[in-house]
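Engineer: fold the following.
(one chain, ligands or ions: 1)
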Amino acid sequence: MNVGIDLIHFATADYYLGLDTFAAEKNIDVDKFYIGIGQEKMSIAPPDEDVVTLSAKAAAPILAQIDSDEITAVLFATESGVDQSKSAGVFMHGLLNLANRCRVIEFKHACYSGAAALQMATTMVRANPKEKILVIAADIAKYDVDTSGEATQGSGAVAMLITENPRIINIEPGSGYFTEDVMDFWRPNHRTTALVDGKYSTKVYLNSLKQTWDHFTEVTEKSFADIDYFCYHIPFTKMAEKAHKTLIRRAKATVNDVDFDAQTLPGQLYNRIIGNSYSASLFIGFISLLDNVDADISNKRVSFFSYGSGCVAEFFTGVMQPGYQSVLMTNNHRTQIMNRAPLSYTEYLAFYHQPDSTDENITFEHNNRGAYRLAGIQDYKRYYEKTASET
Ligand code: CAA
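Structural biologist: Residues are numbered from 1 along each chain as shown. Predicted coordinates:
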């Protein structure tokens, strides 16, 4: 039975900070960012945007194309959840008026959780083909000001409808996975920003890639030459380049099997101008491939490498379905990216130092221009609203 992604759509924040502006402020050569880490812009969420509003914005165009009462489960993956107890997905479920006969669960393991939710959803559909599962991967990547991670922030959410006979990609059974208890990136419960041992994290990422590849080839007996396009978790696009070089060496790929740019570049274009979005980054990379590759990639095999610091990683593949182009939402993606407003460094800091979410009562200024926004917090309860533009 074919099971996989039937529809996919992403959302990002309405504002960005250019790394040229960032470089000028910090008195750093901009090529450190443009060339050194391969990033140009970071999508910055205003205080009235969070993973709930981003995910609603990502999922709404999918729900508009189906009978949303048929959604049997929402698997919501995030590192930047909004409540220690209540799933962010339940807030989104309310905003989008999903049916009560639906299960909603939050998945967590840093940037890996999106892949975990996708794998769980495909397993559920294989067990019961009547399931139609909405997988969400949504994050706002936030590091302390003046740390090495500050230039690798960003925000985004991806919504994926997982069904049998999917129209976009059939996720193949068989994957390589790897877990190791390390401290390369972590966020204690009291913090809103992540802590990271940056250089170490890149080493653990690459080692995890090697380990998952070895496991993947053992389990599936597939080789490098069997894969046409390679999607990696992208904290910054230079990391995907380092990953592909590492994989080529590990797989002992021959010159004929390698077309470096064609295999990786289309899947990085959006990430370069959105920034890191943790659990969503891998899937924004996949959407970037779909929207930007020149060829018809029907029947081609795409690989996915998911890496979540801490660390858990997985390598798996899927096969593109004929006619997939007819259900892509390319214009929505491009319009959102183009319509973002630039921020000065001072404006970025004003968003960054948003009202303390531990405050009992907050009313947020209206900066989020999307259809869903966080209106306020009263008695520690979050209140969301649909804006007039949607009603
Ligand atoms: N022109 C061109 N290149 C330049 C340059 C210039 N003027 N100045 C510097 N560079 C190059 C450097 O040579 C270096 O290249 P290599 O990596 O190939 O050696 C690159 O730019 C970066 O320079 P630095 O190493 O000096 O940069 P840094 O100390 O500021 O930190 C980082 C880089 C550690 C990745 C930092 O961005 C960081 O901490 N990021 C957050 C953690 C992260 O994203 N880790 C990735 C793996 S973990 C993961 O994937 C999970 C996740 O999402 C967090």
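
Engineer: not counting sequence-adjacent ones, nearest residue to I28?
Structural biologist: F22 (8.0 Å; CB to CB, 6 or more residues apart in numbering). Using the backbone N, CA and C atoms, a C-beta is placed for each residue, glycine as well.

Engineer: T254: neighbour count?
Structural biologist: T254 is flanked by 10 other residues according to other CB atoms under 10 Å.

Engineer: show me what contacts it?
Structural biologist: Applying CB atoms under 8 Å, 6 or more residues apart in numbering, we find T254 in contact with A225.

Engineer: phi and psi next, for it.
Structural biologist: The phi and psi torsions at T254 (degrees, to the nearest 10) take the values phi -90, psi 160.

Engineer: distance of it from the ligand?
Structural biologist: Remark: distance between T254 and the ligand (CB to the nearest ligand atom, to the nearest Å) = 25 Å.

Engineer: I'd like the distance between that residue and C111.
Structural biologist: Using CB to CB, to the nearest Å, T254 is found at 31 Å from C111.

Engineer: check G89 too.
Structural biologist: Counting by CB to CB, the gap from G89 to C111 is 18 Å.

Engineer: select the helix or strand of the chain having the lowest average pLDDT value.
Structural biologist: For the chain, the helix or strand with the lowest mean confidence is strand 362-363, at a mean of 92 (criterion: mean pLDDT, DSSP states H and E).

Engineer: what is that one packed up against?
Structural biologist: For strand 362-363, the elements it packs on are strand 372-378, judged by 3 or more CB pairs under 8 Å, 6 or more residues apart in numbering; DSSP states H and E.

Engineer: how about the residues of the stretch 1-150 of the chain near the ligand?
Structural biologist: The interface of the stretch 1-150 of the chain toward the ligand, taken as CB under 6 Å from any ligand atom, is made up of D29, D31, K32, I35, G36, I37, C111, S148, G149.

Engineer: residue contacts, the most centrally placed residue in the chain?
Structural biologist: The residue lying closest to the centre of the chain (CA atoms, centre = their mean) is A280, at 0.7 Å. If you count contacts by CB under 8 Å, 6+ apart, A280 has them with F10, G114, A137, A138, D139, G156, A157, V158.

Engineer: quick check: phi and psi on the second one?
Structural biologist: Same thing as G114. Listed backbone geometry of G114 is phi -60, psi -40, with angles given as degrees, to the nearest 10.

Engineer: ok, it touching S279?
Structural biologist: Yes - with contact defined as CB atoms under 8 Å, G114 reaches S279; the gap is 3.8 Å.

Engineer: the helices in the chain, which residues?
Structural biologist: 19-26, 31, 51-63, 88-95, 113-127, 198-220, 237-250, 260-264, 269-274, 281-292, 330-338, 345-352 (DSSP state H).

Engineer: so what pLDDT did the nearest residue to K242 once chain neighbours are set aside get?
Structural biologist: Nearest residue to K242, sequence neighbours excluded (CB to CB, 6+ apart): L206, at 6.5 Å. Model confidence at L206, given as pLDDT, is 98.

Engineer: equivalent analysis for A388, please.
Structural biologist: With respect to pLDDT, A388 scores 62.

Engineer: pLDDT weak spots in this protein?
Structural biologist: By pLDDT under 70, the weakly predicted segments of the chain are 356-357, 388-391.

Engineer: what's the single longest strand in it?
Structural biologist: In the chain, with assignment by DSSP state E, the single longest strand is strand 154-164.

Engineer: between it and helix 88-95, how big is the angle?
Structural biologist: Relative orientation of strand 154-164 and helix 88-95, computed by axes from the mean of the first three to the mean of the last three CA atoms, to 10 degrees: 80 degrees.

Engineer: kindly export strand 154-164 (C-alpha atoms) in PDB.
Structural biologist: Provided in PDB are the C-alpha atoms of strand 154-164 (Å, rounded to 0.1, in the frame of the first residue of the first chain):
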ATOM      1  CA  GLY A 154      14.100  31.900  11.800                       C
ATOM      2  CA  SER A 155      10.500  30.600  11.900                       C
ATOM      3  CA  GLY A 156       8.200  28.500  10.000                       C
ATOM      4  CA  ALA A 157       5.500  25.800  10.000                       C
ATOM      5  CA  VAL A 158       4.800  23.000   7.600                       C
ATOM      6  CA  ALA A 159       1.400  21.200   7.400                       C
ATOM      7  CA  MET A 160       1.300  17.700   5.700                       C
ATOM      8  CA  LEU A 161      -1.800  15.600   5.000                       C
ATOM      9  CA  ILE A 162      -0.800  11.900   5.300                       C
ATOM     10  CA  THR A 163      -3.100   9.400   3.500                       C
ATOM     11  CA  GLU A 164      -3.100   6.300   1.500                       C
END
